[in-house]
Every structure is written in C-alpha cells, then in structure tokens.
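J.: here is a sequence together with a model predicted from it:
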Amino acid sequence: EDQVTQSPEALRLQEGESSSLNCSYTVSGLRGLFWYRQDPGKGPEFLFTLYSAGEEKEKERLKATLTKKESFLHITAPKPEDSATYLCAVLKGGSEKLVFGKGTKLTVNP
Amino acid sequence: DGGITQSPKYLFRKEGQNVTLSCEQNLNHDAMYWYRQDPGQGLRLIYYSQIVNDFQKGDIAEGYSVSREKKESFPLTVTSAQKNPTAFYLCASSMVPQANYGYTFGSGTRLTVV
C-alpha cells in the first residue's frame, strides 16, 4: 500500500534555530515528490517538486532534498513567518492522484 | 489571474440538510479533486474527475456527490447521509498528466453542522 509518513507531527523552534522535517514514502515508481505550505484556514501553496534521488531545490530559507526512501525539508535560520503546516505528497507512475502525508505543524517563536 | 475559487468560505448546515460547495477554475485544467481535511488526519480524497462528465470515488465518498458538467466547475454536495460533515473542504485542480507543480488548491470552505 502506498504510504507517506511525515515526522514530527509538530515542531516548535526558536527564531534562528535550524531544523529539518522528514517525509518518508513507500510507493512504486515515484514520478514526483511535492512539498506544500499551508497556513491556517487556507489552501496549500506549492513549494517544491523533486523527481529523482539526489535532487535538491532551494527557496529562501528552505531546501528540499530527496533520497530513494525519503525527503527532507531543511529550514535554515527560520523566522516567525515560516510558521505553517508543511505537507508532503507523492505521485506514482500510472496515477494522477497525489498521496499526501498528514503534515508537520511548524511553529517558530520570536 | 488564473486560479481556483471556492465558495462560500464558511457554510453552516442544519441536521438533515443537503448543502453544495462550489469550485470553479480558470486554469484550463483537465482534472479536479475534492479533499476533506480534519485535524490530525491530513487530506482525504472524496471524489476526483479527470474529464468532463466522468468522475470517480475517492477514499471517503460515502455521503457525498459530485457533478462535472463543465470543465471549469466541480461542485460537491454534502448530503444528509454524511453523518459527520463538519470539516475543512479543499478543491484542487491539475493538468493531465501532472505539471511540475502538482495540484493548484482553492482557499477552502469550512462547513459546520449547527
């Protein structure tokens, strides 16, 4: 069964305290792994897509990496405005449906 | 600007009522999806459609119905058979095959039973 597991469920950081969020997956024929950011009461917003092991993408304080079994979202020197829920999703071969993890709720305290 | 619009933002349902949530997109996307989001449970797929006049059940379709009469529109009806409808509902759309950004999401509708 296709599964996407995100950890931790919640993470509380001090401003400037770098950390990583994990997304592990078991899916055959990965076509892409997606990271989204979701603010309370809003729809998810696209951050990154990763396609193959070893790939990395960066945007401001965020860097996403991908291995054959998991992806990490690294947050460097976070600011309070980075507080949100971060969702990971995978797309497998032969399907157009994303399989989502349950998300990691990040809180960055000033 | 292209995007996906959900309305209303907040909706209140009385016991035994059917209610319809609207989802409209002007992105010329072929596929549209409805998700339900509850605290601690992530996104659960209700229904999806990859072409006009065709749709498939997702993981939690019981108590819900949809239609896809136009490419731009994919309304979701929450029927009285759905016993626990209070949740945040998200509509999404995508190209087929998927573009490199996956889904585009609407801003959501929060449904509350009163």
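T.: Received the coordinates, thanks.

J.: the lengthiest strand in chain B pairs with which strands, parallel or anti?
T.: Taking DSSP state E as the criterion, chain B has its longest strand at strand B:42-51. Based on DSSP bridges, the pairing partners of strand B:42-51 within the sheet are strand B:31-38 (antiparallel), strand B:54-57 (antiparallel).

J.: in CSV: those strands, plus mean pLDDT and mean neighbour count.
T.: Using the backbone N, CA and C atoms, a C-beta is placed for each residue, glycine as well. CSV is the format used below for the strands paired with strand B:42-51 (pLDDT from 0 to 100; neighbours: other CB atoms under 10 Å in any protein chain shown):
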stretch, mean pLDDT, mean neighbour count
strand B:31-38, 96, 23
strand B:54-57, 96, 13
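
J.: out of the ones you listed, flag the one nearest B:Gln6.
T.: With CB to CB, the closest approach to B:Gln6 among those belongs to strand B:31-38: 10.0 Å.

J.: what residues does that closest one touch?
T.: Taking CB atoms under 8 Å, 6 or more residues apart in numbering or on different chains as the criterion, the residues outside strand B:31-38 that touch it are A:96-97, B:21, B:23, B:25, B:43-50, B:58, B:60, B:64, B:66, B:68, B:74, B:76, B:87-96, B:103, B:108.

J.: buried subset of the residues you listed, written for PyMOL?
T.: Buried members of those, identified by 16 or more other CB atoms under 10 Å in any protein chain shown, are gathered into one PyMOL selection as follows:
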select buried, (chain A and resi 96+97) or (chain B and resi 21+23+25+43+45+46+47+48+49+50+58+60+64+66+68+74+76+87+88+89+90+91+92+93+94+95+103+108)
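
J.: burial check on the residue nearest to A:Gly43 when sequence neighbours are not counted, number of neighbours?
T.: Counting by CB to CB, 6 or more residues apart in numbering or on different chains, B:Phe105 is the residue found nearest to A:Gly43 once chain neighbours are left out, at 3.5 Å. The criterion is other CB atoms under 10 Å in any protein chain shown. On that basis, B:Phe105 has 23 neighbouring residues.

J.: surely B:Phe105 and B:Ala92 touch.
T.: Yes. B:Phe105 lies in contact with B:Ala92 (CB atoms under 8 Å); the separation is 4.8 Å.

J.: any idea which element the residue sitting furthest away from the middle of chain B lies in?
T.: The centre of chain B is farthest from one residue, B:Asn100, which by CA atoms, centre = their mean lies 21.7 Å away. Assessed by DSSP states H and E, B:Asn100 sits outside every helix and strand.

J.: separation between it and chain A?
T.: When CB to the nearest CB, to the nearest Å is the yardstick, B:Asn100 and chain A sit 5 Å from each other.
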